[in-house]
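K.L.:
Need coordinates for the following:
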Amino acid sequence: MELRQLRSFVRVVELSSMGRAALELGIATSTLSQQISQLENELATRLLQRRSTGVFPTEAGLDFWHQAQVILRQVDIAAAVAKQGRFSGQVSVGMATTTAAVLAVPLLQAMRERYPTVRVRIIEAPTSHLAALLNSRQLDLALLFEANDPRRWSVTPLLDERLFVVARTDLPALPSTLASAKSVRVSQIGDLPLIMPGNGHALRDLLTTSFQSVNQTPNVVLEIEGAHSLMRAVRAGLGATVQPGAVLSMLSSESETMGEDALLRAIPIEDTSMRRPCLLASFSDDELSPAGLATRVILIQLARQLAQDGVWRGAITP
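P.N.:
Numbers count the residues shown, from 1 in each chain. So this is what the prediction gives:
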């Protein structure tokens, strides 16, 4: 006995017509009649009787019709539960603090709207730690700035982030020419007292490499690992820093937007060596849950849309 036979039988009884049922089911009347005959042969009983006014169930057919309706309702419920279950459970997404400042809340909002049964867990950490969490399968997805083990991961380039010099305009060491400049080059900021993360941090390593390309050494006067504390030190006038545009979203989230504080300025750096790639890493499609795959699609679409809309400041899409 097949579900299609049950559905066909139920529809014939509901419409009291073979022809109308066949038309609605999208099959030939002869095919529908054959399905009903096979069902009657399997049950060894007559289910339908033909009259001049249409087709009607026999007494046995009426009992079978009631039970068939129950079965089909249960099948539909089971299918709905299974479909909902595909997109349920928890998906863990790792991001650096600066990336989370611009992407975390929009991601949570988009996932709640599209897949309300999926619980998204955001983990903020340095990218080196995120890579380790991904390898140990404590993360489903991670936004990284370099792919250390691409053979094990599925890596999607999301965008490149342009870096900015961020400083108070009244910082004594900030030349007036820089304070009013629309953009700068690495060679122009060699004397700036910089507040940066320590060696081994992806942003610090990129800064060092970029300075080496112009035969200079960055003047790092303070090392602070946490992005929030680092930016507070910059706001206090303890030095300047080099950060991605996403950090400006972090300031905005603390009600410290650039427009509200005219003393704080972000100047884009022209050198292409001062662009940071943002990569979305995960395990292969076969190893990701359906919820993880759906979250990955949303992340890619969302990151690129934020860049195109100018919300992710300094972001350049592929």
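K.L.:
domain parsing for the protein?
P.N.:
3-84, 89-157+278-316, 160-275 (the TED database).
K.L.:
May I see the ones you listed arranged in JSON lines, with mean pLDDT and mean neighbour count as well?
P.N.:
Just so you know, the C-beta spots here come from the backbone N, C-alpha and C atoms, and that holds for glycine as well. JSON lines is the format used below for these (pLDDT from 0 to 100; neighbours: other C-beta atoms under 10 Å):
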{"stretch": "domain 3-84", "mean pLDDT": "82", "mean neighbour count": "14"}
{"stretch": "domain 89-157+278-316", "mean pLDDT": "89", "mean neighbour count": "18"}
{"stretch": "domain 160-275", "mean pLDDT": "86", "mean neighbour count": "17"}
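K.L.:
Can you give the strand pairings for the longest strand along the chain, parallel or anti for each?
P.N.:
Taking DSSP state E as the criterion, the chain has its longest strand at strand 154-168. Sheet pairing of strand 154-168 (DSSP bridges) gives strand 241-244 (antiparallel), strand 264-268 (antiparallel), strand 275-282 (antiparallel), strand 315-316 (antiparallel).
K.L.:
could you dump the helix or strand just after it to PDB, C-alpha only?
P.N.:
Sequence-wise, the next helix or strand downstream of strand 154-168 (DSSP states H and E) is helix 176-179. C-alpha atoms of helix 176-179 as PDB (Å, rounded to 0.1, in the frame of the first residue of the first chain):
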ATOM      1  CA  SER A 176      48.400  68.800  11.500                       C
ATOM      2  CA  THR A 177      48.900  67.600   7.900                       C
ATOM      3  CA  LEU A 178      47.700  64.100   8.900                       C
ATOM      4  CA  ALA A 179      44.900  65.300  11.100                       C
END
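K.L.:
Pull the residues that contact helix 176-179.
P.N.:
Applying C-beta atoms under 8 Å, 6 or more residues apart in numbering, the contact partners of helix 176-179 are 165, 169, 184, 188-189, 192, 265, 267.
K.L.:
State the three-state secondary structure for residue 10.
P.N.:
Of the three states, residue 10 takes helix under DSSP: H, G, I helix; E, B strand; the rest coil.
K.L.:
How about it, nearest residue that isn't a chain neighbour?
P.N.:
Once flanking residues are discounted, residue 10 sits nearest to residue 68: 5.3 Å by C-beta to C-beta, 6 or more residues apart in numbering.
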